[in-house]
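# Compute the structure for the input listed below.
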Amino acid sequence: MSDPSTWDLSRTALLTIDLQNDFLHPEGAYGRAGQSAASITALPDRIAPLARALQAKGGRYFSAQFTLVPDKDGEPLIAPHLKELRPFLSKGDFAPGCFGHTLVDSLQPADFVIEKVAYSAFYQTRLEYLMRATAIDHLIVGGIVTNGGVASTLRDAHLRNIDTIMLTDGCAAFKAEVHDATLLSLGTVTKQMSCAKALALIEGTS
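Next up is the predicted model:
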């Protein structure tokens, strides 16, 4: 893993995982079902300064967004394990173009939105194409949940020899102990730092 202080910021992207209205907004799918956590809802305001600072330095902001593809009758195509885990998910939730699928307001605008149907932002998506097309070599990763989409994406990046930074307080899980255990398990896969330290790195004040 290369030293992030040597990274060309114009070849670096912030990648957030699943910071969408259906997960975070009170009127989204999870909010309506009472499935929320303060550690998760705090993330957008903590990450937003990094997005704006990196964009100002010529870098990019990619938003990977969980997607439930509607079938011809409008009902979402949901994997059986997810339907069992989240039985409240229904028609219109996480559907492309809908309010719930959209990136939360405080993180707008992203340079590119990446629809994803599984945990990893690399799995069957256009992320690698976008990285090549925009000359991105490095990723700064945050979002939800630490042990799900964030961990899967970081491991997939590692397999592709893509250097990453994991934002230790820029991702969260529904349980703090799960978040902490995931940070420990990913110590050999990615560099780790706080949002404040990453912002200082981008702004050249670290």
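# who's in contact with the most far-flung residue of the chain relative to its centre?
Going by C-alpha atoms, centre = their mean, the residue of the chain most distant from its centre is Asp73, 29.4 Å out. Going by C-beta atoms under 8 Å, 6 or more residues apart in numbering, Asp73 touches no other residue. Heads up, the C-betas are built off the backbone N, CA and C, glycines and all.
# and the gap between it and Glu84?
21 Å (C-beta to C-beta, to the nearest Å).
# right, and Pro4 touches Leu201 too?
Yes. Judged on C-beta atoms under 8 Å, Pro4 makes contact with Leu201 at a distance of 6.0 Å.
# where do the contact lists of the two overlap?
Joint contacts of Pro4 and Leu201 (C-beta under 8 Å, 6+ apart) are Met193.
# In this structure, what helix or strand scores lowest on average pLDDT?
helix 80-85 (a mean of 88; mean pLDDT, DSSP states H and E).
# in it, what's buried?
Buried residues in helix 80-85, defined by neighbour count with 16 or more other C-beta atoms under 10 Å: none.
# Just give the strands next to the next helix or strand after it in its sheet, each with its orientation.
Sequence order places strand 112-116 as the next helix or strand after helix 80-85, per DSSP states H and E. Taking DSSP bridges as the criterion, strand 112-116 sits next to strand 60-66 (parallel) in its sheet.
# any residues touching the partner strand, and which ones?
12-20, 22-23, 51, 54-55, 94, 101-103, 107, 109-117, 121, 125, 127, 130, 134, 136, 143, 149, 153.
# Filter those residues down to just the buried residues.
Neighbour counting with 16+ other C-beta under 10 Å marks 12-20, 22-23, 51, 54-55, 94, 101-103, 107, 110-116, 121, 125, 127, 130, 136, 143, 149, 153 as buried within these.
# quick revisit: which other helices and strands contact the least confident helix or strand of the chain?
Using 3 or more C-beta pairs under 8 Å, 6 or more residues apart in numbering; DSSP states H and E as the contact test, no helix or strand touches helix 80-85.
# Ala151 against Leu183, yeah?
No. In this structure, Ala151 is not within contact of Leu183 by C-beta under 8 Å, at 9.5 Å.
# nearest residue to Ala53 other than its sequence neighbours?
Among residues not flanking Ala53 along the chain, Ile202 sits closest, at 4.6 Å (C-beta to C-beta, 6 or more residues apart in numbering).
# roughly how far is the strand or helix carrying that neighbour from the heart of the chain?
Element membership for Ile202, per DSSP H and E: helix 195-203. In terms of C-alpha atoms, centre = their mean, to the nearest Å, the centre of helix 195-203 is found 18 Å from the chain centre.
# other SSEs contacting that helix?
If you count contacts as 3+ C-beta pairs under 8 Å, 6+ apart, helix 195-203 packs onto helix 43-56, strand 163-172.
# In JSON lines: these, plus mean pLDDT.
Shown next, in JSON lines, are those (pLDDT from 0 to 100):
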{"stretch": "helix 43-56", "mean pLDDT": "98"}
{"stretch": "strand 163-172", "mean pLDDT": "98"}
